[in-house]
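Participant: One predicted model, sequence on top.
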Amino acid sequence: MTELHYAEWGVGLLLAAVFAVALLESLAVVGLLVPGVGLLMALTLAATDASVPVALWVVSGAVGAFVGDGISFWLGSKAGPAMHEWRIFRRHPDWINDGEHFFRRWGAWSIVIGRFIGPIRPVIPMVAGVLRMSPRTFWWANLLSAPAWACVYLGGMYWLGEAFVEHFGELDLTSALGLLVIASMVAVLVSVLARK
C-alpha cells in the first residue's frame, strides 16, 4: 500500500512538472530564458521510467502550453504597443520585431506554426495580443495547436524515452539527474546558437 502511494505521488509530481515546464516555455519572455527542451526531455525520460500513462503526459503538457499561451496573449492585450518599451525588448528589439513580422505574414496560423518554433514560441501569442487579434480566433488556434504540439513533441519524446529505457534499463536517481543536467546544457547551447 505504501509503495502504491509513493508511486501515485511520483506520477502526480511528474505530471505537475510537465504542466509547469510547458507553461513556462510558452510564457511571454520567460520562455526565452527557460531551457524548456532539456527539461522536457529529462522529465519525459523520467515519466517513461516511472510508467506514467502517455495520454496523461500529453494532456498535462497540452494544458500547460494552452495556459502559457493564454497568459501571454492576455499580457499582450493589456500592454499594447507599450510592450516595445519594456526593458527586455529595448535590449533585444529583434525578438519582438521578428515576432511581429511572423504574425503579420501568417496571421492566425502563426499561433499554430509558431508553437513548433522554439525561438518565437513565447513571443507570438503576446504579439497577437498587442496587434489586437480577435480573442475568439486566438483561443481556437490555441485550443487546436496545444494538443497538436503535445502529441508531436511530448508524445515523440515519450516514445524515444520508452526506447531508451527498454534498451538501457531503469534509471537510478543519479543517472536521471545527470541526464537532466546534460539535456539542459544542450538545450541552452542550442538556444544560444539559434539566437546568434
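Facilitator: Yes, it's here. Since the structure is predicted, the reported quantities are computational estimates derived from the model, not experimental observations.

Participant: check which helix or strand covers Phe138.
Facilitator: helix 135-149 (DSSP states H and E).

Participant: what about that helix, average pLDDT?
Facilitator: In this model, helix 135-149 has a mean pLDDT of 91.

Participant: quick one: contacts of that helix?
Facilitator: Contacts with helix 135-149, where a contact means Cβ atoms under 8 Å, 6 or more residues apart in numbering, come from 58-59, 61-63, 65-66, 69-70, 73, 77, 108-109, 111-112, 115-116, 125, 128-129. In short, each C-beta sits where N, CA and C put it, glycine included.

Participant: one more time with 6 Å
Facilitator: 62, 65-66, 69, 73, 108, 111-112, 115, 128 (Cβ atoms under 6 Å, 6 or more residues apart in numbering).

Participant: Can you give me the pLDDT of Pro196?
Facilitator: No, residue 196 isn't Pro; it's Lys. Reported pLDDT for Lys196: 52.

Participant: that older thread, can you show me the CA trace of the helix holding Phe138 as PDB?
Facilitator: The C-alpha coordinates for helix 135-149 follow below in PDB (Å, rounded to 0.1, in the frame of the first residue of the first chain):
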ATOM      1  CA  PRO A 135      -9.700  36.700 -29.000                       C
ATOM      2  CA  ARG A 136     -12.100  34.100 -30.500                       C
ATOM      3  CA  THR A 137      -9.600  33.400 -33.300                       C
ATOM      4  CA  PHE A 138      -6.700  33.200 -30.800                       C
ATOM      5  CA  TRP A 139      -8.500  30.800 -28.400                       C
ATOM      6  CA  TRP A 140      -9.500  28.500 -31.300                       C
ATOM      7  CA  ALA A 141      -5.900  28.500 -32.700                       C
ATOM      8  CA  ASN A 142      -4.600  27.900 -29.100                       C
ATOM      9  CA  LEU A 143      -7.100  25.100 -28.500                       C
ATOM     10  CA  LEU A 144      -6.100  23.300 -31.700                       C
ATOM     11  CA  SER A 145      -2.300  23.900 -31.600                       C
ATOM     12  CA  ALA A 146      -1.600  23.000 -27.900                       C
ATOM     13  CA  PRO A 147      -2.700  19.300 -28.200                       C
ATOM     14  CA  ALA A 148      -1.100  19.000 -31.600                       C
ATOM     15  CA  TRP A 149       2.200  20.300 -30.100                       C
END
